[in-house]
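Student: need a structure here:
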Amino acid sequence: MHTLFWSCVGLCCAAFLMSAAGGCATGGQRGATKSWALAIHGGAGTLSKTAAPEMIAEYEGALRVALVRGVKVLEDGGSSLDACETVVQTLEEHPGFNAGVGAAFTADGTHELDACVMDGSNLACGAVAGVTTVKSPVGLARLVMTKTRHVLLAGAGAEEFATLQGVPRVPNSAFDTEKRRKMLEEWRAEQNAKTSAAAPARALHTYGTVGCVALDQHGNLAAATSTGGLTGKRWGRIGDAPIVGAGTYANNATCAVSCTGTGEQFIRHVIAKTVSDRMELAGESLDAATRHVVFQTLNPDDGGLIAVSRSGEIAMPFNSEGMFRGCANSSGRFEVAIWDKVSKGRGLGVTK
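Tutor: Numbering: from 1, shown residues only. Have a look, this model is predicted:
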């Protein structure tokens, strides 16, 4: 899984963090610096708890790399949108996650990718669905937001727009990984045997997403989500990730949300927007609102979400076996996790 590359990136990020005075400093420690907060996820379909220690370390390291890059943007006074795009592009480039390189295979053995970004300061948003040759779907989604009057472009139209914008392109096969191909083969075998309904560990094989939510020093919220969708999906199926209000939402009045799991369920219940509505209309806290939708609205094993409120609260609930996730803020919090156990510490490979 490109371990050498990510190890090198990790060392560089660790060096940056060690050189920073106190890492995630608070406003009081850095004078005029205002508070910020960041949360990321790499999907609710996780690897087994019995996976090799080096594989677990690889995933935790990848989450830390992405988190560090987002932290740097926010510490330097960058926008929440820039932080979200940076984090999601980092995860799109890692072959272990179901987005970009490492995207799930369709039933036909190809890849169709979706992404969305949303700016909480003005509710501007952009999304793409079913793109097949765009290296960074989340980057194209942001261009839809900034360069068009539209919100969602799909299929051939999105590809044509990508050509007009001159964004980096790759052959569809560039998203292939052996891990995802094996999942497709297992899915096909299940279909042929007519036993897919009883297949074990569904969450490990069918879905996953990457996402980021952020609050910047200017008080602006943003969210971004990118996905390769379901293994074995057909007929141009689109999940919740590129659907504003379902899998992605940001509003400065309340919160920013990015979801992961069984997309159809998140669409049916408009999960991301519902979190915001419960905060705005019912006066609930971020924790109460996110826990309600995850544990009372969704079904067990449907997945989870990450969210950041306008005051910097962070929530990362899930009802699946696990969820790749991480968070950081200006008060010094820095942690990544896959299951219930949380790994803390500002440096890569460092716990405390």
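
Student: Give me the distance between the two termini of stretch 236-254.
Tutor: 33 Å (CA to CA, to the nearest Å).

Student: can you give me the helices in this protein?
Tutor: 3-19, 53-75, 80-92, 137-147, 155-165, 178-193, 202-205, 263-268, 271-282, 286-292 (DSSP state H).

Student: Most tightly packed of those?
Tutor: helix 80-92 (a mean of 27; mean count of other CB atoms under 10 Å). Yep, even glycine has a C-beta here, placed from its N, CA and C like the rest.

Student: quick one: average confidence on that helix?
Tutor: Per-region confidence: helix 80-92 scores 98 on mean pLDDT.

Student: List the contacts of it.
Tutor: Identification of contacts with helix 80-92 by CB atoms under 8 Å, 6 or more residues apart in numbering yields 38, 40, 42, 62, 65-67, 69-70, 73-74, 97, 99-101, 115, 117, 119-120, 136-139, 142, 210-216, 220-226, 256.

Student: Mind listing residues that contact stretch 160-169?
Tutor: Stretch 160-169 is contacted from outside by V131, T133, V134, K135, S136, G139, L140, L143, V144, K147, T148, L153, using CB under 8 Å, 6+ apart.

Student: for the residues you listed, which one is nearest R278?
Tutor: In terms of CB to CB, no member of those lies closer to R278 than V144, at 28.3 Å.

Student: Quick check: closest non-adjacent residue to the closest one.
Tutor: The shortest distance from V144 to any non-neighbouring residue, by CB to CB, 6 or more residues apart in numbering, is to G126 (3.4 Å).

Student: Surely that neighbour and P137 touch.
Tutor: No - with contact defined as CB atoms under 8 Å, G126 does not reach P137; the gap is 10.8 Å.

Student: which stretches of the stretch 51-200 of the chain aren't confidently modelled?
Tutor: 194-200 (pLDDT under 70).

Student: buried ones in stretch 102-119?
Tutor: Along stretch 102-119, these residues count as buried under the neighbour rule (16 or more other CB atoms under 10 Å): 102-107, 111-119.

Student: Could you identify the most distant pair in these?
Tutor: The distance between the two most remote of the buried residues of stretch 102-119 (CB to CB) is 34.9 Å, for A107 and D119.

Student: correct me, but S136 touches L113?
Tutor: No - the pair S136 and L113 does not pass the contact test of CB under 8 Å, sitting 9.5 Å apart.

Student: Find the residues that touch each one of the two.
Tutor: What both S136 and L113 touch, as defined by CB under 8 Å, 6+ apart, is the set G100.

Student: Distance to N299 added to the helices of the chain, as TSV?
Tutor: Formatted as TSV, these follow (distance: least, CB to CB, whole Å):
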stretch	distance to N299
helix 3-19	34
helix 53-75	26
helix 80-92	26
helix 137-147	28
helix 155-165	30
helix 178-193	21
helix 202-205	12
helix 263-268	7
helix 271-282	12
helix 286-292	14
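
Student: Relative to A107, how far out is the residue positioned nearest the centre of the chain?
Tutor: In the chain, the centroid-proximal residue (CA atoms, centre = their mean) is G211; its distance is 1.5 Å. Taking CB to CB, to the nearest Å as the measure, G211 falls 25 Å from A107.

Student: Equivalent analysis for Q265, please.
Tutor: Separation of Q265 from A107 (CB to CB): 21 Å.

Student: Which parts of the stretch 201-350 of the chain are strands?
Tutor: In the stretch 201-350 of the chain, the segments counted as strands under DSSP state E, counting those that start in this stretch are 210-215, 221-227, 248-250, 255-261, 303-309, 314-315, 324-329, 334-337, 342-344.

Student: need the ones you listed in TSV with mean pLDDT and distance to S79, can you?
Tutor: Listed next are the strands of the stretch 201-350 of the chain as TSV, based on pLDDT from 0 to 100; distance: least, CB to CB, whole Å:
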stretch	mean pLDDT	distance to S79
strand 210-215	98	9
strand 221-227	98	7
strand 248-250	98	12
strand 255-261	97	12
strand 303-309	97	14
strand 314-315	98	18
strand 324-329	97	16
strand 334-337	96	20
strand 342-344	75	27
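
Student: how about TSV for those strands, with distance to S285 added?
Tutor: Shown next, in TSV, are those (distance: least, CB to CB, whole Å):
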stretch	distance to S285
strand 210-215	15
strand 221-227	16
strand 248-250	17
strand 255-261	10
strand 303-309	8
strand 314-315	9
strand 324-329	16
strand 334-337	20
strand 342-344	21
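
Student: Out of these, flag the one nearest V270.
Tutor: Across the strands of the stretch 201-350 of the chain, V270 has its closest neighbour in strand 248-250 (8.9 Å, CB to CB).

Student: now for that closest one, which elements pack on it?
Tutor: Judged by 3 or more CB pairs under 8 Å, 6 or more residues apart in numbering; DSSP states H and E, strand 248-250 is in contact with strand 113-119, strand 221-227, strand 255-261, helix 271-282.
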